[in-house]
Structure formats: C-alpha cells, structure tokens
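Peer 1: Okay, structure incoming, though there's no sequence with it:
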Ligand code: 13P
Ligand code: SF4
C-alpha cells in the first residue's frame, strides 16, 4: 500500500542558519574540529556500518525520535528523552555512548553513566532553545525572591528533562525532581505530596497542560514567572497564592502549532484525530483529541485502526517516519509548513561517521562532561525521577 504522506511546504525559517559567525558563543561547535566527510560522499552508510562494526560492544548509539532517518538507522536504541536516559543508565559496559540527540540529553546520559564511560555528541551545536531559556543565575534570582517572601519551604522545584545540567543540579539541591513528557503527571503528583506549590522549569506549556488537564488545577492556579521582568513580573500576592509557578520558556518547534492549524485540519479532513505533544500551547492541547509524549504518539498510531486519519503535532522527522511506517492510515503533519527541530537536525550522517571513525582511530571527540558537583546534585533529581511510583 502506498502512503498518503504529503510533505509540508518549506518556510524561510524552517532551519536556523547556524555557522555564519554572527554569534560565535551560541554557535559553539559549528566548526567540526576534524575532517567532516562531505554529505555527498556515496560511502557514508558503508563507512558508518564499518566503523560501528569495528567498535562492536565498545560503543552504544542512542537516537532520539526526532533525529533524521539517515542517523536513526544506526541507533542501537531509539526513544524519547525518558527512555534514552533509562537506556544510558542501563549500559554500564559500553565504553562510549554516542548520543544522537541534543546537548541536555547527552549531559543527562553523562550524569547517569559510570566514570569510565564517555558520552559523545556528534555535533556540539546540537543544543535546545528551550533549555537555553532557563539560565542558572536567573533561576537562583527567582529562588531568592521566593526566599524573601518566605515561601521556599512550600515549593518543590520540578524541571523538565529539557534543561541544562546546572538547572537539574539546582533542582536536586532543593529537593525537587526531573520529569519528562512521559511522566510529568507522576512527577507533579509526587511533588504535591512534598509541598503545596511547584516551581516548574523551563517549559510553561508542559507545566500548565499537566497541571490543568491532568491534575485538575485551574488556569488561575498557575502564574508565569518571566525572568526578563523585575521580580519575574509577579506581585507578592500572586506568588503567595499560586499553586504552579511556571517559568517563561517554551519549545520553538511545538510552540508553532496553533488553534488555526487544528481548525483548518478538522475542516479539511472530516473525522480526523488530532494528536499533539504536551509541549504545544494550552489552547492547542485543549482542542486536540489526544495528547502525549513521543513514545505515546508512536504507540497511539501503532494501535490506530486501518483507514483512520491523524493530524500529528510534533517534530516533522518523527511524523514523516510514522506516516511511511503506516501506509494503511492517513497520517499528516498538523501544520502546513515545515517544523523541524533545527538543533536536532544538526546531527547528520557526516557528523555520525566522523565521530565513529574518530573512535576507531583511538581519539574521543566531542565528549560531554558535567562537573562532579553539579552532576551529584543533578543525579539526586534524576534518580528521584527514575524512582517515581
Ligand atoms: P520527549 O522526548 O520527552 O517526548 O520530548 C520531546 C522533545 O522535545 C525532546 O527534545
Ligand atoms: Fe528543544 Fe523543542 Fe528541539 Fe526538543 S524539539 S530539542 S524541546 S527545541
């Protein structure tokens, strides 16, 4: 059966144009420190296969669902950020973990793996704009504000996996927990058993959607702390009365889906099921039929009956892969235009080949290391997540 998949149209903003030297600090790693193979090299697949075979069990390749197909084919395990963190922790024998994902995921893998293991990110420019929206100094300034108000004793900090190791360390130091989109409800349930308020970092949408749609809170129970405004832009009373203090961060990919995209697809495809990731805006999630993490989305489409129609609001590489894997179902992208995660896309086959061949040659490239102090605190919050009931 042939798939009904149609490529969304291109937009000028589809991929961030990195590497042009306009902001060298944020373009770290754009220049590969070695000899990057040309994307046109016809032997790339053979080279990756040979390098992986030469390394054998010494290397374990993890691939996030949003990675390109050309990379995913070499992953030993694919998963969402929760599954990949578990898998990294479950491979104590692999000398090298090659992480095909983004920087915060590789940091978490470094924290959860042994001292003799090294985590490699094939392109150091594979960051995450959401993780970059919460900087440790800003978060500590917010916490000081809460301390001045005398409310820190009631607050449990919760950070989404999509945050830097520094932020996870802050959360561990302050007796909180990490969550992912697969376990946010369990993490919030646990947190509200420990305190009466949650300080949720850095994704306002995951925090709000989970609190309101899954935990029964009102929108009025949530306030938005804006690190760019004095005092977070909130009055003392707003902070005292809030149950959820949401950090003003968001995913630039999932934030692009709008209520209009949902209305438009419902008009165009009668009976369509709208399935979105909880990083989407609240009104989009409310208007959808189902909401869930990337693993949830994959399982929902696997279980869907033949002939059913689905408009999916998550990263394009994954939606395309699912559409091609299920030609008996009509699977389409929720938006009419391209919505890749440009930083996830930094990891391409040339970078993977380069990283694997460097390992074969006895050189270890692009190692991600978290300092021991930060790692120890972050591990507390990550272990708390892995132990959630
Ligand atoms: P999950 O992998 O937890 O579904 O999160 C999606 C995401 O944005 C990863 O960067
Ligand atoms: Fe970050 Fe969003 Fe990309 Fe995930 S999809 S890495 S949250 S920018």
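Peer 2: Thanks, I have the structure now. Every value quoted in this text rests on a predicted model; they were computed, and no experiment measured them. Residues are numbered from 1 along each chain as shown. Ligands and ions are numbered 1, 2, ... in the order given.

Peer 1: switch to C-alpha atoms for all contacts and neighbour counts from now on
Peer 2: Will do.

Peer 1: what's the span of stretch 157-170, first residue to last?
Peer 2: 9 Å (Cα to Cα, to the nearest Å).

Peer 1: quick one: it to chain centroid distance?
Peer 2: Distance, stretch centre to chain centre, for stretch 157-170: 12 Å (Cα atoms, centre = their mean, to the nearest Å).

Peer 1: ditto for stretch 121-134
Peer 2: With Cα atoms, centre = their mean, you get 10 Å for stretch 121-134.

Peer 1: is it anywhere near ligand 1?
Peer 2: No - using Cα under 6 Å from any ligand atom, stretch 121-134 stays clear of ligand 1, coming no nearer than 7.3 Å.

Peer 1: Need the contact partners of that stretch.
Peer 2: The contact list for stretch 121-134 (Cα atoms under 8 Å, 6 or more residues apart in numbering) reads 27-30, 32, 98-104, 106, 162-164, 167, 201-203, 247-252, 343-347, 351-352, 354-355, 365-368.

Peer 1: Near ligand 2, list only the ones from the residues you listed.
Peer 2: 251, 252.

Peer 1: quick one, what contacts residue 218?
Peer 2: residue 212.

Peer 1: try 10 Å this time
Peer 2: Applying Cα atoms under 10 Å, 6 or more residues apart in numbering, we find residue 218 in contact with 208, 211, 212, 243, 244.

Peer 1: So which of those residues wins on neighbours?
Peer 2: residue 244 (29 neighbours; other Cα atoms under 10 Å).

Peer 1: Pretty sure that residue sits against residue 206.
Peer 2: No - between residue 244 and residue 206 there is no contact under Cα atoms under 10 Å: 11.6 Å.

Peer 1: next one: the least confident helix or strand in the chain by mean pLDDT to chain centre, how far?
Peer 2: Across the helices and strands of the chain, mean pLDDT, DSSP states H and E gives its lowest value to helix 81-89, namely a mean of 86. Centre-to-centre, helix 81-89 and its host chain are 12 Å apart (Cα atoms, centre = their mean).

Peer 1: Helix, strand, or coil at the most centrally placed residue in the chain?
Peer 2: In the chain, the centroid-proximal residue (Cα atoms, centre = their mean) is residue 162; its distance is 5.0 Å. When classified by DSSP: H, G, I helix; E, B strand; the rest coil, residue 162 comes out as coil.

Peer 1: Phi first, then psi, for residue 178.
Peer 2: phi -90, psi 150 (degrees, to the nearest 10).

Peer 1: give me the low-pLDDT residue ranges for the stretch 251-389 of the chain?
Peer 2: 338 (pLDDT under 70).

Peer 1: Okay, strands next: where are they in it?
Peer 2: 273-276, 290-291, 309-313, 330-333 (DSSP state E, counting those that start in this stretch).

Peer 1: Check the stretch 101-250 of the chain too.
Peer 2: Using DSSP E, counting those that start in this stretch, strands in the stretch 101-250 of the chain cover 118-120, 155-160, 177-179, 197-201, 222-225, 244-247.

Peer 1: For those strands, give me TSV that also has mean pLDDT.
Peer 2: Formatted as TSV, those follow (pLDDT from 0 to 100):
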stretch	mean pLDDT
strand 118-120	97
strand 155-160	98
strand 177-179	97
strand 197-201	98
strand 222-225	98
strand 244-247	98
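
Peer 1: Now distance to residue 8 too, for these, in CSV please.
Peer 2: As requested, these are exported to CSV (distance: least, Cα to Cα, whole Å):
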stretch, distance to residue 8
strand 118-120, 32
strand 155-160, 29
strand 177-179, 31
strand 197-201, 31
strand 222-225, 33
strand 244-247, 31
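
Peer 1: for the stretch 1-150 of the chain, what are the low-confidence residue spans?
Peer 2: In the stretch 1-150 of the chain, residues with pLDDT under 70: 9-32.

Peer 1: near ligand 2, which residues of it?
Peer 2: When proximity is defined as Cα under 6 Å from any ligand atom, the stretch 1-150 of the chain approaches ligand 2 at 128, 129, 130.

Peer 1: Just give me the closest of those residues to residue 337.
Peer 2: Using Cα to Cα, residue 129 is the member of those that sits closest to residue 337, with 19.7 Å.
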